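Chemist: mind folding the following:
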Amino acid sequence: MNPAFAHVDCWVFDLDNTLYPATGPIWDSIGERMTAYVMRATGLPRAEAYALQERYLIEHGATMSGLVANHAVDPHHFLADVHDIDFSIVDADHELRDLLNALPGRRLVYTNGAEKYARNVLARLGVAEAFDDVFAIDNADLFPKPQRESFDRLIARYAIEPARAVMVEDTPRNLVPAHALGFKTVLIHPEPASDFPEHIHHATDCVKAFLRGVLT
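Modeler: Numbering: from 1, shown residues only. As a prediction, the model looks like this:
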């Protein structure tokens, strides 16, 4: 183990664009379904619906939360609809499985997606058994990251001691509350740099590269 992580006994990973590359077809499929859903819920043309989708993501932490607050959308219907994708597009990643299995302590997935969707993706990636559990937005009483209520529910459910935990994410703002709570933070970013804000402790362009570094 890299000495910088020798104290860690809980590893918390985001799912989308973290355990698989952001350039993959999964997120594209979800994004298309999400835009179509916003179009139906609001009556807006595609370009305006997409802009609203992105604005709600920024303002509420999740597009779903904005739709629920402003358009009386049923959140469970939204989650089921936008995550109804063809999972055969997901390929197994045996190297990722082996790296995850080598980590000591508990391993959790923490996602703003639906639990059923997350478990389907993990199964297709071949890494489902590498994780102790999935904590999805429907387990967080529909509070999305980066809302503090979501983090509080995660910590309470698994009795996490943040000072002994790592959070791995592709969205920098989701690491702000993690850092404030005491997690060691890792950003998965396509262009890692040395000038990330102080709430990001480590940055890399690939989760597998990060795990290799941890396990050296």
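Chemist: you'd agree Trp27 is up against Thr18?
Modeler: No: taking contacts as C-beta atoms under 8 Å, Trp27 lies outside contact range of Thr18: 10.8 Å. No exception for glycine: its C-beta is placed from N, CA and C like everyone else's.
Chemist: which one of the two has more residues nearby?
Modeler: Thr18 (22 against 16; other C-beta atoms under 10 Å).
Chemist: for that one, give me the pLDDT.
Modeler: Predicted confidence (pLDDT) for Thr18: 95.
Chemist: how much space between it and Ala72?
Modeler: 31 Å (C-beta to C-beta, to the nearest Å).
Chemist: buried sites along stretch 181-201?
Modeler: 181, 183-189, 192, 196, 199-201 (16 or more other C-beta atoms under 10 Å).
Chemist: quick one: end-to-end length of it, please.
Modeler: Counting by C-alpha to C-alpha, to the nearest Å, you get 14 Å between the two ends of stretch 181-201.
Chemist: try stretch 65-82
Modeler: End to end - C-alpha to C-alpha - stretch 65-82 spans 14 Å.
Chemist: what sits against the residue lying farthest from the centre of the chain?
Modeler: Distance from the centre of the chain peaks at Gly43, with 29.0 Å (C-alpha atoms, centre = their mean). Applying C-beta atoms under 8 Å, 6 or more residues apart in numbering to Gly43 gives no contacts.
Chemist: so what pLDDT did it get?
Modeler: 97.
Chemist: adjust the sequence numbering to begin at 29 for everything that follows.
Modeler: Happy to do that; since the first residue is 29 now, the last one works out to Gly71.
Chemist: give me phi/psi at it?
Modeler: Gly71 adopts backbone torsions of phi 80, psi 10, taken as degrees, to the nearest 10.
Chemist: before we move on, what about Glu189?
Modeler: For Glu189, the backbone dihedrals (degrees, to the nearest 10) come out as phi -100, psi 100.
Chemist: with Gly94 instead?
Modeler: phi -70, psi -40.
Chemist: that one reaches Glu87, doesn't it?
Modeler: Yes: with contacts counted by C-beta under 8 Å, Gly94 reaches Glu87, the gap being 6.2 Å.
Chemist: would you map the strands across this structure?
Modeler: 38-41, 134-138, 161-163, 193-197, 212-216, 230-232 (DSSP state E).
Chemist: dump the fourth one to CSV, keeping only the CA atoms.
Modeler: It refers to strand 193-197. What follows is strand 193-197, C-alpha atoms only, in CSV (Å, rounded to 0.1, in the frame of the first residue of the first chain):
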residue,chain,number,x,y,z
ALA,A,193,-12.2,7.1,4.1
VAL,A,194,-11.5,8.1,0.5
MET,A,195,-14.0,9.5,-1.9
VAL,A,196,-13.4,9.2,-5.7
GLU,A,197,-15.4,11.4,-8.0
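Chemist: sounds good, over and out.
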